[in-house]
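**Q** generate a structure from the sequence data that follows.
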Amino acid sequence: MTAPHDRVNAFRPEQPSSARIYNYLLGGKDHYPADRLAAEELLKAAPDVQLAVRATQAFLGRAVHFLVTDAGLCQFIEVGVGLPAAQNVHQVAQRSVPGARVVYVDTDPVVIAHARNMVRGVPGTAIVERDLREPAAILADPELTRLIDVTVPTAVLLAGILAQVADKEDPATLIQALLAPFPAGSFVAVSHVTLDSSPASAKVAVEVLDLLGIIARPRTRDQVQALLAGFEPVEPGLVWAPQWRPDPSTGLTDDPGRSHIYAAVARKV
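**A** Sure, this is the predicted structure:
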């Protein structure tokens, strides 16, 4: 997530990008030498980082499937979308509900370019260049208002992005603001990196990211729980990402704490 004043000159291929590192760790192809070097440094310091990104992506897919098939939602806003993956939100949602509408939000110029290509010609989808720290601007964006009906229950998806928001920026209030226009029965899905499971190795990974100029703010379980104050968690609540409605085929369920990711889906009441 790029700060507003940095956007004009945000594209710097010589500077590692969190979105492109994530893409590399998922086995994607949208990255540059600086990103690959940074990812390899991360893997040396904390090999579990690859499990973390896999767990995050897998959780997002399961959460969207639940929200479509169990909760009956057909509108989604994913903030901090990152680069296209094997199963993107609109693909998961529209597989069950062809008319599902999805708006992707990001600030990384490479992400924006790839996402625009991804959604080109796909009905019910859009990409908007907005920052999580500006929820009013996200909600007022013409592309979002064209697709998203605020009178209909909607899911806001925040997979991994909250670790880029400082405590002083009040991430809990940002979540509340993003859900504010939508009725009860809307949802928020959150995944968040933590130091709880393996403080030493996770701390090293955060330090490596810091040296690379990439912000990562791990939070404890209690801190992540606090971000969801006022929302009603659905079963199984806030758990390790592989434990949220687990899928054994991911290969991540045997030692879920190695994901270093907490995850939850919660309902607006």
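
**Q** now the helices for the stretch 51-200 of the chain?
**A** Along the stretch 51-200 of the chain, the stretches classed as helices by DSSP state H, counting those that start in this stretch are 89-96, 109-119, 135-140, 142-147, 171-179, 199-211.

**Q** closest to residue 244 out of those helices?
**A** Nearest of those to residue 244, taken as CB to CB: helix 89-96 at 14.9 Å. Backbone N, C-alpha and C define where each C-beta goes, glycine included.

**Q** point out the other helices and strands that the closest one packs with.
**A** The elements that helix 89-96 packs onto, with contact taken as 3 or more CB pairs under 8 Å, 6 or more residues apart in numbering; DSSP states H and E, are helix 49-69, strand 75-79, strand 101-106.

**Q** buried residues in that helix?
**A** Within helix 89-96, the residues scored as buried using 16 or more other CB atoms under 10 Å are 89, 90, 91, 92, 93, 94.

**Q** same question, stretch 168-185
**A** 171, 172, 174, 175, 176, 178, 179, 182.

**Q** the helices of the stretch 51-200 of the chain into JSON lines, with extra columns for mean pLDDT?
**A** Output for the helices of the stretch 51-200 of the chain, formatted as JSON lines (pLDDT from 0 to 100):
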{"stretch": "helix 89-96", "mean pLDDT": "95"}
{"stretch": "helix 109-119", "mean pLDDT": "86"}
{"stretch": "helix 135-140", "mean pLDDT": "98"}
{"stretch": "helix 142-147", "mean pLDDT": "97"}
{"stretch": "helix 171-179", "mean pLDDT": "98"}
{"stretch": "helix 199-211", "mean pLDDT": "75"}
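
**Q** now for the ones you listed, which one comes closest to residue 13?
**A** helix 109-119 (8.4 Å).

**Q** who does the closest one touch, helix- and strand-wise?
**A** So helix 109-119, by 3+ CB pairs under 8 Å, 6+ apart, packs with helix 18-25, strand 101-106, strand 125-129.

**Q** need the winner for burial among the ones you listed.
**A** Comparing the helices and strands packed on helix 109-119 by mean neighbour count (mean count of other CB atoms under 10 Å), strand 101-106 ranks first with a mean of 27.

**Q** and that one, what's its mean pLDDT?
**A** The average pLDDT for strand 101-106 rounds to 96.

**Q** for it, packing partners?
**A** For strand 101-106, the packing partners by 3+ CB pairs under 8 Å, 6+ apart come out as strand 75-79, helix 89-96, helix 109-119, strand 125-129, helix 142-147.

**Q** what angle do that strand and helix 171-179 make?
**A** With axes from the mean of the first three to the mean of the last three CA atoms, to 10 degrees applied, the angle from strand 101-106 to helix 171-179 works out at 140 degrees.

**Q** in this protein, where is pLDDT below threshold?
**A** Along the chain, the model assigns pLDDT under 70 to residues 1-12, 84, 86, 201-202.

**Q** what pairs with the residue positioned nearest the centre of it across the strands?
**A** Of all residues in the chain, the one closest to the mean position by CA atoms, centre = their mean is residue 159, 2.1 Å from it. Counting by DSSP bridges, residue 159 forms beta bridges with residue 191.

**Q** any idea how far residue 53 is from residue 219?
**A** Distance of residue 219 to residue 53, given as CB to CB, to the nearest Å: 18 Å.
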